[in-house]
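Visitor: the following comprises the amino acid sequence and a computationally predicted model.
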Amino acid sequence: MKTPYKNIYSVLKINRFVVISVVLMAFFSTSISAWIVFQINQEALNNAFAINSDGAVIPLKWVSQKENLKVEALAHLELFHRYFYDIDASNYERNLEKALWLGNSSVDNLYRQKKADGVYNRLLQYSLVQNVLSIESEVDLEVEPYQFRTTTVFEINRGSIVDTYELVSTGNLIKVDRNFPNNTHGLLITNYFENTLKKITNEN
């Protein structure tokens, strides 16, 4: 007796079910593998490891990008204000040239205004020494351009007389290409403005 052939449609239906099942299993397997790789990669990006002298592995948390930006911004502002205000007859041209690399036309305009007002001529004429004592900056890093407010305390040495001043300045910071050694932090000061300048009286 001959074995009857199965219905071809039934065979095709079974084959299609098998193929679809294999494809779905492969898809889910690939998705799960991709998710595991993604998690491992994220974990690796957020953590580093070091080995101490005892051979123990110590996890080190990476500093976030915003924290790095804050460090760069504060360092940029520190550098600019020191170059722009910590000057004397021997270094003011060199320092101001370096300061102008750290800001845009608003800084250049302020420099030209001071020059026109005779600030640097008096520096030379009377051998004045302008020495920065402290620089404290606050930066809002939520939205670019980043707003900042800096308080700079400096003294002007006139020989026998030393006067101390507090300057409050404001402006914005924007990201630019790094330029070594002129602008190593990749930031530029814009809309720079000297808000207030007051003389500090030393009370005994």
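Guide: Structure's in. What do you need?
Visitor: surely Gly159 forms part of a strand?
Guide: No. Using DSSP: H, G, I helix; E, B strand; the rest coil, the secondary structure at Gly159 is coil, not a strand.
Visitor: ok, it to Ser127 distance?
Guide: If you measure Gly159 against Ser127 using CB to CB, to the nearest Å, the figure is 8 Å. Heads up, the C-betas are built off the backbone N, CA and C, glycines and all.
Visitor: neighbour-wise, which of the two wins?
Guide: Ser127 (13 against 9; other CB atoms under 10 Å).
Visitor: quick check: that one touching Ala89?
Guide: Yes. When contacts are counted by CB atoms under 8 Å, Ser127 is listed as touching Ala89 (5.5 Å).
Visitor: so which residue is dead centre in this structure?
Guide: Leu69 (2.4 Å; CA atoms, centre = their mean).
Visitor: sec struct for Val107, please.
Guide: helix.
Visitor: the residue nearest to it when sequence neighbours are not counted: neighbour count?
Guide: Distance criterion CB to CB, 6 or more residues apart in numbering; nearest residue to Val107, sequence neighbours excluded, is Tyr192 at 5.0 Å. Neighbour count of Tyr192, defined by other CB under 10 Å: 22.
Visitor: mind checking which helix or strand of this structure has the lowest mean pLDDT?
Guide: Per-element confidence for the chain was summarised using mean pLDDT, DSSP states H and E. The lowest value among helices and strands belongs to strand 57-61, with a mean of 52.
Visitor: avg pLDDT for the very next helix or strand once past it?
Guide: Sequence-wise, the next helix or strand beyond strand 57-61 is helix 65-85, with elements assigned using DSSP states H and E. Helix 65-85 carries an average pLDDT of 92.
Visitor: using CSV, list the CA coordinates for helix 65-85.
Guide: Extracted C-alpha coordinates of helix 65-85, given in CSV (Å, rounded to 0.1, in the frame of the first residue of the first chain):
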residue,chain,number,x,y,z
GLN,A,65,31.0,66.7,31.1
LYS,A,66,29.3,69.6,32.9
GLU,A,67,31.7,69.4,35.8
ASN,A,68,34.6,69.5,33.3
LEU,A,69,33.0,72.5,31.6
LYS,A,70,32.7,74.3,34.9
VAL,A,71,36.4,73.8,35.6
GLU,A,72,37.3,75.0,32.2
ALA,A,73,35.0,78.1,32.5
LEU,A,74,36.3,79.1,35.9
ALA,A,75,39.9,78.6,34.7
HIS,A,76,39.3,80.7,31.6
LEU,A,77,37.8,83.5,33.6
GLU,A,78,40.6,83.4,36.1
LEU,A,79,43.2,83.6,33.4
PHE,A,80,41.5,86.5,31.6
HIS,A,81,41.0,88.6,34.7
ARG,A,82,44.5,88.0,35.8
TYR,A,83,45.9,89.0,32.4
PHE,A,84,43.7,92.0,32.0
TYR,A,85,44.0,93.5,35.5
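Visitor: remind me what that helix packs against, helices and strands.
Guide: Contacting helix 65-85 under the criterion 3 or more CB pairs under 8 Å, 6 or more residues apart in numbering; DSSP states H and E are the following elements: helix 92-100, helix 105-116, strand 129-140, strand 146-157, strand 162-175, strand 187-200.
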